[in-house]
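*Asks:* Generate coordinates for the sequence data below:
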Amino acid sequence: MHRNRNAKIVATLGPASSDPVTIRALFAAGADVFRLNFSHGSHADHRQRLETIRAIEAETGRPIGVLLDLQGPKLRLGTFADGAVVLEAGAPFRLDLDRDRPGDQLRAPLPHPEIFAALVPGTDLLIDDGRVRLRVERCGADFAETTVVTGGRVSDRKGVNVPGVVLPLSALTEKDRQDLDFGLKLGIDWVALSFVQRPEDIAEIRAIVGHHAGIVAKLEKPAAIHSLDAIVGEADAVMVARGDLGVEMPPEQVPAIQKRIVRACRKVGTPVIVATQMLESMVSAPVPTRAEASDVATAIYDGADAVMLSAESASGQYPRDAVRIMNSIIAQTEADPYYREELAIAGGAAATLASDGIGIAVRSVTEALRVAAVVAYTCSGYSALRMARERPRAPIVGMTPSVATARRLALAWGVHPVLCPEVNDVTEMSERACEVVRREDVAQPGDTIVISAGVPFAVPGTTNLMRIAQVD
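*Replies:* From the prediction side, this is the model:
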């Protein structure tokens, strides 16, 4: 089941897409990776969904990636005596740690000492996704005296964002640790870490995950953008979490930040997902707006590895249609001759490693010759990602003896992952490559293919070989 496009689709599963029939329909419509959102649902729900995904994988013979999305810290107000208050612009408002005393028109409990530890006068606090804005006038270890900048209604347990500071807070809560342990035992392929502020957050979760799953850094806080290159270098993939970015930053800045993140990832070959509200109207409508279609296409023109559906496929009324239409938008965009020009403009950096040189050479060969496919023989996935970084014109077949690697490569641009036996030498690898491209209907007898690999085999990060072969 070779997709007729390069960019991948991540589809979130939820109440509208939990049954096996719907999950199969989403896969058939074009989903390459399924997201399990651990902000919602029980462990039993997620186990059942993953078992269905693995059954589909066995039936179709196509590796499918599974992404576990951790909830991350949730910073919230306490409760109010009367359930809700309306704050007027210019009015004073106090926040403190006294959670036993319900809030009122003048104050509210904020049971998060780590917030007070990071505040300084002039800091803004956003309540309820930015609908209410407070500015800190005076603060201490257990209180903040603020002025209401933007007024509005505030009620129990509304979320709090602090965009201007780095909070002394781990990105992993106790719930996240339990969910992560559960997911690793299930055999998930990717873990998305929320609330990333610095590269050390990635190092913290990697100490737990090891090589059992790839780590996706969700970029949703301004502090992460300030450390963008370091985070991209530390993570295995990156997600542009535009919803939360749009809360903590002015919305007019989000498009430029999205492009900056995608380019930073393209530069080093780190897979990047563009997420949130891509086809939002399809939660309740059978077709997207033209602006939404343009939004998806923009991410594809920029060279994103994947685009993601959230509520559209998890809780919307038209989950299968959302995947089908996203698939169609991607295919149509990639068929545009201007698409290749855009990819070249936003391409990777100059070669600094032997693997980069091989990738550039492969791309050059695919442009000079009529190459039917690029075959990357890889145990770790490294060779295939090096090829994907160069965005060659020919489809990439990620040939690997590792099922874990095959599933992770389902996220990478242009890579069609295929399981194969281990090989012992270059001749056997070439024979296997010709056999695989015929079987997968990527190339026909007489076609030319380009093969890349790392020698010695089974040593990660050693892409150093390119071979041109003709399919028998």
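
*Asks:* and the residue nearest to Asp100 when sequence neighbours are not counted, what is it in contact with?
*Replies:* Spatial nearest neighbour of Asp100, excluding adjacent residues (CB to CB, 6 or more residues apart in numbering): Pro109 at 7.9 Å. Bear in mind the C-beta positions are built from the backbone N, C-alpha and C, glycine included. With contact taken as CB atoms under 8 Å, 6 or more residues apart in numbering, Pro109 is in contact with Leu77, Gly78, Thr79, Leu95, Asp96, Leu97, Asp98, Arg99, Asp100, Arg101, Pro102, Gly103.

*Asks:* Closest one of the residues you listed to Arg386?
*Replies:* Leu77 (47.6 Å; CB to CB).

*Asks:* Next one, pLDDT for that closest one please.
*Replies:* With respect to pLDDT, Leu77 scores 97.

*Asks:* now do Ala354
*Replies:* 77.

*Asks:* Leaving aside the residues adjacent along the chain, what's closest to it?
*Replies:* Asn464 (4.9 Å).

*Asks:* Compute the number of surrounding residues for Asp181.
*Replies:* 11 (other CB atoms under 10 Å).

*Asks:* ok, back up a step: got the phi/psi numbers for the residue nearest to Ala354?
*Replies:* phi -150, psi 10 (degrees, to the nearest 10).

*Asks:* Please apply the same query to Ser39.
*Replies:* phi -80, psi -20.

*Asks:* so what's it up against?
*Replies:* Asp69, Gln71.

*Asks:* Please tell me how far it sits from Ala285.
*Replies:* 24 Å (CB to CB, to the nearest Å).

*Asks:* Same question for Lys218.
*Replies:* On the measure of CB to CB, Lys218 and Ala285 end up 27 Å apart.

*Asks:* higher neighbour count, the two?
*Replies:* Lys218 (24 against 14).

*Asks:* and the more buried one, that's in a strand?
*Replies:* Yes. Lys218: assigned to a strand according to DSSP: H, G, I helix; E, B strand; the rest coil.

*Asks:* my guess is it meets Ala192, correct?
*Replies:* Yes. Lys218 is within contact range of Ala192, at 5.4 Å (criterion: CB atoms under 8 Å).

*Asks:* Gly359: which element?
*Replies:* Gly359 belongs to helix 354-368 when assigned by DSSP states H and E.

*Asks:* how deep is the closest residue to Asn161 other than its chain neighbours tucked in, by neighbour count?
*Replies:* For Asn161, ignoring the flanking residues on the chain, the nearest one in space by CB to CB, 6+ apart is Leu126 at 4.1 Å. Applying other CB under 10 Å, we find 20 residues neighbouring Leu126.

*Asks:* ok, what's across the strand from Leu126?
*Replies:* Beta-bridge partners recorded for Leu126 (DSSP bridges): Arg133, Asn161.
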